[in-house]
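Enquirer: Return a 3D structure for these sequence lines:
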Amino acid sequence: MGIWRLKCDRGRQWWDFDEGSELPPGVLAKVNEEFDQARIEFAEKKHKQKHSSDRFLRILAKHVPFFPEGKSGAEGEARNAFPNKTHVDETIRKGANYLSGLQMQDGHIPGDYGGPMFLLPGLVIACYVTGTDLGEHRRREMIRYLRNHRNEDGGFGLHIECESTMKGSIMNYIAMRLLGVESDDPDASATRKWILDHGGALLAPSWAKLWLCVLGVHEYDGLNPIPPENWILPYWIPIHPGRFWCHCRIVYLPQSYLYGTRAVGPITDIVKQIRSEIYLEVYEDIDWPASRGKCCPVDEYFQRPKVQSLFWDAVYWYEHSLQFPGKQKIRQAALKEVIELIKHEDVNTDWICIGPVNKALNMVACWFHDPDSQHFKNHLPRLLDYLWLAEDGMKMQGYNGSQLWDTAFAAQAIVQSGMAEEFETFLKRAHHFFDITQVREDTPGGMRYYRHISKGAWPFSTRDHGWPISDCSSEGMKGSLAVQTLPFKCFDNKISTERFQDCVNVSLSFQNPTGGWATYELRRGGAWLELLNPSEVFSDIMVDYDYVECSSSSVVALKQFQKLDPDHRKEEISTAIAKGIKRIKQLQREDGSWYGNWGICFTYGTWFGVEALVAVGETLENSPELQRACEFLLSKLRDDGGVGENYLSCVNCEWNDSKEPQIVNTAWALLSLCKAGWRDQEPLERMAQFLMRSQESSGDWPQQLISGVFNKTCMITYAAYRLVFPIW
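Expert: Here you go, the predicted model:
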């Protein structure tokens, strides 16, 4: 009997099926029994509670502790272990004790970072085209995941809580078929019906069409052009892709290689069958050029303006009609440049890539470039970094995890709870992870490859990944300083002041002329570039904008650094903080809230806004912005003490109440009000009582709605939030 095990190495986390487990037979049987029960329970309520609870991780932590020297805190044995303490203290201890039991050997907090429903199909197509075997156990769990997240109407959404879309439906239908699900299977039949009822695959959004072209079930003539020649334009041209937001440009980079080479995988029997299943028309009779601008109305969040249609018409004319001497040589030069940029991204992320979309695209592009190369083969082990297993099945995550981000929040939460001494071991291990995860060098080549400086930054996940991010760098520094400034030693290897100075250097370099901070880089292009946003389903993807979360984290971290080293770049840091606070105030909405760009939604953004204002000494007495923020949060308080909003707040850019109060939203609101020093204790006590009532006997809190977001429309999981923020 085998068992799924979670393994880790310097932050890298992956699930492996252990055929010959060394576990005692009784433990092995118990774990598998609880795995099966968790699967059954999720499937029974999958249409009501679409979010998994990360129970496999918790079951393993209970029966197979990640630290062999002692039992896991996840067993929840501490329920009555703290006499003579308040109920609040006991709640925090139970939660922190449970959290400590989930910590991995290298110090990071693992967890599910899934949610988007268009990621796994890209990986499945890439593996099918390249002949990469996913293995029987993974295929089985992927099929389970797809069955569990098919909506009741037969379709699939953009993410697990979303209503059905063409992108989600067509991509996941194809994934099911390639994984071995027959066309007459009830789930496959229901999805195919949804697809055909909504116009067929000709109405798929552009990202889906690209994948269909690579598989061989769509023709490139039916796709808006993605010419690689863009990459050899002079950088001073405003539409050079090097000016785009990094996630945008790095997705379109391999897409341009695949388009430029008209890459198509083997036309197998299953490919021919899919061709006959997903269109209303006979495949051979389709007028492909006439379909290239079409998109299913349910998918169109960003409706293309007329200027974009004219732009695509011009590029299509260049691609298909314009002929001139040397055109093919230009194409070959462009492809050479593109494959060099792809390989640079691969090597400098140790073949992880910045995210799951370009991971699969880069892999398949490298296979088409040279299927026998070691470079392509180096991609294969890193596929596992993106796969997460839970009771709903195996999914592809939105990154290779959120390790640094979650661990930094967890460390700060425990330190600020006043219980650092009781959880010294946890904090020591977390500090070790901060130490080994900081990026210690700049990316070779720098702007030749459109990369910002990175030495001193902290990434979102792991050092191998290495992409620097403003808020992750700041939270990494804050988490490290929180542990290192405790009144007792709680680390093995102290992070030097010089290394913190390196982080400050990165942070200052990230600040835009507006005073705000974006994510990975300075903003390189104008907002007008959004007129050329080709994605249909996402918003604000073309350039990197100022975000309250990134700006707040950066301001607070710089303020904390000043206490450590008050003379280092003193004037520059003070100026940066002042400009940052001004920008944060500009981003505040009239109702007192801040829009959350990376979490759901106004409770999240407002927490960051409040943190920044308080960090620079603003109070309810001298800050109307702080007063309005608190009044906004209190206006959302329910009779039971809870606060709750759902993902439509992000999509609609206005508050949308969730049906039930949400633990994470309530925790963010309570944190904000406490940080601001709200004097009326009655609403704060009601919120605290709600969080205490919601805690499970184990010390964990239940998983409710999804809590993360990107680009306004796609939600993503942060499984640790339900534990970390109530503790904080």
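Enquirer: Going by residue numbers, what spans are strands in the stretch 601-728 of the chain?
Expert: For the stretch 601-728 of the chain, strands defined by DSSP state E, counting those that start in this stretch occupy the ranges 643-645, 657-662, 708-710, 714-716.
Enquirer: What mean pLDDT does the last one get?
Expert: To tie it back to what came earlier, the one meant is strand 714-716. Taken as a whole, strand 714-716 has a mean pLDDT of 96.
Enquirer: which neighbours does that strand have in its sheet, and in what orientation?
Expert: strand 708-710 (antiparallel) (DSSP bridges).
Enquirer: can you give me the offset of the strand it pairs with from its chain's centre?
Expert: 7 Å (C-alpha atoms, centre = their mean, to the nearest Å).
Enquirer: got it, and stretch 298-312?
Expert: Counting by C-alpha atoms, centre = their mean, stretch 298-312 comes out at 26 Å from the chain centroid.
Enquirer: Model confidence for residue 194, exactly?
Expert: 98.
Enquirer: Kindly report the same for residue 74.
Expert: On the pLDDT scale, residue 74 gets 46.
Enquirer: ok so, going back, the strands of the stretch 601-728 of the chain: which one's closest to residue 393?
Expert: strand 714-716 (16.9 Å; C-beta to C-beta). For every residue, glycine as well, the C-beta is placed using N, CA and C.
Enquirer: Contacts for that closest one next, please.
Expert: 113-116, 158-162, 398, 537-538, 600, 647, 650, 706, 708-710 (C-beta atoms under 8 Å, 6 or more residues apart in numbering).
Enquirer: run the last query once more with 7 Å
Expert: 113, 115-116, 158-159, 161, 398, 538, 647, 706, 708-710 (C-beta atoms under 7 Å, 6 or more residues apart in numbering).
Enquirer: and the helix or strand containing residue 258, average pLDDT?
Expert: Using DSSP states H and E, residue 258 sits in helix 246-261. Mean pLDDT, helix 246-261: 98.
Enquirer: what about residue 13, neighbour count?
Expert: 25 (other C-beta atoms under 10 Å).
Enquirer: actually residue 153, not the one I wrote
Expert: 14.
Enquirer: Residue 327 now?
Expert: Neighbours around residue 327, by other C-beta under 10 Å: 13.
Enquirer: Tell me, what's the model's pLDDT at it?
Expert: For residue 327, pLDDT reads 96.
Enquirer: so how far is residue 318 from it?
Expert: For residue 327, the distance to residue 318 equals 9 Å [C-beta to C-beta, to the nearest Å].
Enquirer: same thing with residue 208?
Expert: 24 Å.
Enquirer: Which secondary structure element of the protein has the lowest mean pLDDT?
Expert: When each helix and strand of the chain is scored by mean pLDDT, DSSP states H and E, helix 306-320 comes last, with a mean of 93.
Enquirer: Mind listing residues that contact that one?
Expert: 224, 225, 227, 293, 531, 532.
Enquirer: Show me what counts as buried in that helix.
Expert: Residues 308, 311, 312, 315, 316, 319 are the ones in helix 306-320 that count as buried (16 or more other C-beta atoms under 10 Å).
Enquirer: after it, next one along is what?
Expert: Next along the chain from helix 306-320, counting by DSSP H and E, comes helix 327-347.
Enquirer: Now do that next one against helix 246-261, angle only.
Expert: Helix 327-347 runs at 140 degrees relative to helix 246-261, counting by axes from the mean of the first three to the mean of the last three C-alpha atoms, to 10 degrees.
Enquirer: let's number from 628 now, not from 1
Expert: Shifting the count to begin at 628 puts that one at helix 954-974.
Enquirer: Run the angle between helix 954-974 and helix 933-947 for me.
Expert: Using the same axes, to 10 degrees: helix 954-974 against helix 933-947 is 110 degrees.
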